[in-house]
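**Student:** what's the 3D shape of this:
(one chain, ligands or ions: 1)
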Amino acid sequence: MPSYVITGVSKGLGWEFLKQISSDPSNIVIGIVRNKPLVEKRVAEELASRRNITILTADITKYDELKAAAADTAAVTGGSLDYLIANAAYLTAIDTYDDIGTLGQDPQKFSDEFRKAMDANVLANVHLYNLFMPLILKGTIKKVVAISSGISDIDWINDYEIANLSPNAMSKAALNVVTAKFNAQYKKDGVLFLSICPGFVDTGHFIEPTAEQKASMHMMMEKYYRYSPGFKGPITPKESIEAVLSVVENASIEKGDGGRFLSHFGNRQWL
Ligand SMILES: NC(=O)c1ccc[n+]([C@@H]2O[C@H](COP(=O)([O-])OP(=O)(O)OC[C@H]3O[C@@H](n4cnc5c(N)ncnc54)[C@H](OP(=O)(O)O)[C@@H]3O)[C@@H](O)[C@H]2O)c1
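**Tutor:** Below is the predicted model:
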């Protein structure tokens, strides 16, 4: 029975991971959330018949809570874990439209948001991986996946002059290095570490832009269409997670995927 731990399953892509993976009754699925009663209520309402779901509490930025979640996971699975999916993230709203120069004009706000992004998206995942590594090493499949973002691809930023989404992109670039460092250490033990971008997905973050923001959004979309002429706008969580899970299944150390940063297409095409 393959076992999975996914962080941040309360909504968005995390919820979709939980839903798709738990649809196979032979999978053991553990979701880590901040508000357990709320998510258990959602599970009871929408996935009530599924006995293979366990919800655990942890704010991923709190080491002791993550440590307790690792111990609780071991109690559910018998001490091992096959898949760890680091999905939870702090997504700042300040960088959607503004470039890094504009953000820098409010240094306090930028510093606060930058630290929150680095804390949740980078440091917390280092602790998550270290705390769950004894379980992964006892697992059969041994796959650890960071949900990253194509916006951290340096070539894409440079070639298409993507000046917005800075703290988010910086934190995901650092997360990709975390993936590579863990691969460098644990590849010899048969653990596959991957960073995967889920695509541009509609998870309800869109807020009606102001007139000024509309111009910025228009420019951004033009860049996206130039990058990928077939781009049709955001995909659904269902489409995204089906694609991401297929990339996870197909990837292996033997194929040279250890530590790689891939899109939901399994390559470096982000849109
Ligand atoms: N949507 C996209 O287009 C897109 C594109 C590229 C990459 N991604 C990546 O995909 C992942 C999911 O994104 P999403 O769009 O589904 O975002 P989302 O809807 O905002 O969901 C984020 C999840 O992370 C959880 N979370 C945040 N901080 C946490 C913490 N400190 N401890 C525990 N859980 C925490 C949230 O829980 P609460 O309910 O408690 O807040 C929520 O469940 C992220 O890593 C994101 O960067 C998304």
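**Student:** Pick out the residue nearest the middle of this structure.
**Tutor:** Nearest residue to the geometric centre of the chain (C-alpha atoms, centre = their mean): Ile147, 2.5 Å.
**Student:** hang on, that residue packs against Val201?
**Tutor:** No. Using C-beta atoms under 8 Å, Ile147 is not in contact with Val201, being 10.5 Å away. Yep, even glycine has a C-beta here, placed from its N, CA and C like the rest.
**Student:** Now for those two: what residues contact both?
**Tutor:** Counting by C-beta atoms under 8 Å, 6 or more residues apart in numbering, the contacts common to Ile147 and Val201 are Leu13.
**Student:** Name the helix or strand for Ile85, please.
**Tutor:** Secondary-structure assignment from DSSP states H and E places Ile85 in strand 83-86.
**Student:** quick one: average pLDDT of that strand?
**Tutor:** Averaged across strand 83-86, pLDDT comes to 99.
**Student:** residues in contact with that strand?
**Tutor:** If you take C-beta under 8 Å, 6+ apart as the criterion, strand 83-86 is touched by 2-7, 17, 125, 128-129, 132, 136, 139, 141, 143-147, 175, 248.
**Student:** Quick check, the residue in the protein closest to the ligand?
**Tutor:** As assessed by C-beta to the nearest ligand atom, the ligand sits closest to Gly12 within the chain, at 2.2 Å.
**Student:** Pull the contacting residues for that residue.
**Tutor:** Contacts for Gly12 (C-beta under 8 Å, 6+ apart) come out as Val201, Thr203, Gly204, Pro237.
**Student:** residue contacts, Phe193?
**Tutor:** When contacts are counted by C-beta under 8 Å, 6+ apart, Phe193 touches Val144, Val145, Ala146, Thr179, Ala180, Phe182, Asn183, Tyr186, Lys187, Gly258, Gly259.
**Student:** Now, of those residues, which are buried?
**Tutor:** Buried by 16 or more other C-beta atoms under 10 Å: Val144, Val145, Ala146, Thr179, Ala180, Phe182, Asn183, Tyr186, Gly258, Gly259, out of those.
**Student:** Can I take it that the third one is in a strand?
**Tutor:** Yes. Going by DSSP: H, G, I helix; E, B strand; the rest coil, the assignment for Ala146 places it inside a strand.
**Student:** Just the pLDDT at it, thanks.
**Tutor:** Ala146 carries a pLDDT score of 99 in this model.
**Student:** give the contact list for it.
**Tutor:** The contact partners of Ala146, by C-beta under 8 Å, 6+ apart, come to Ala86, Asn125, Leu175, Asn176, Val178, Thr179, Phe193, Leu194, Ser195, Ile196.
**Student:** Please tell me how far the last one sits from Leu56.
**Tutor:** In other words, Ile196. From Ile196 across to Leu56, the span is 23 Å (C-beta to C-beta, to the nearest Å).
**Student:** Can you pull the residues of this protein lying near the ligand?
**Tutor:** Proximity of the chain to the ligand (C-beta under 6 Å from any ligand atom) is limited to residues 7-8, 10-14, 34-35, 59-61, 87-91, 120, 147, 149, 197-198, 200-201, 203.
**Student:** From those residues, keep the buried residues only.
**Tutor:** Buried members of the residues of the chain next to the ligand, scored by 16+ other C-beta under 10 Å, are 7-8, 10, 12-14, 34, 59-61, 87-91, 120, 147, 149, 197-198, 200-201, 203.
**Student:** Would you map the strands across the stretch 51-200 of the chain?
**Tutor:** 53-57, 83-86, 143-147, 192-196 (DSSP state E, counting those that start in this stretch).
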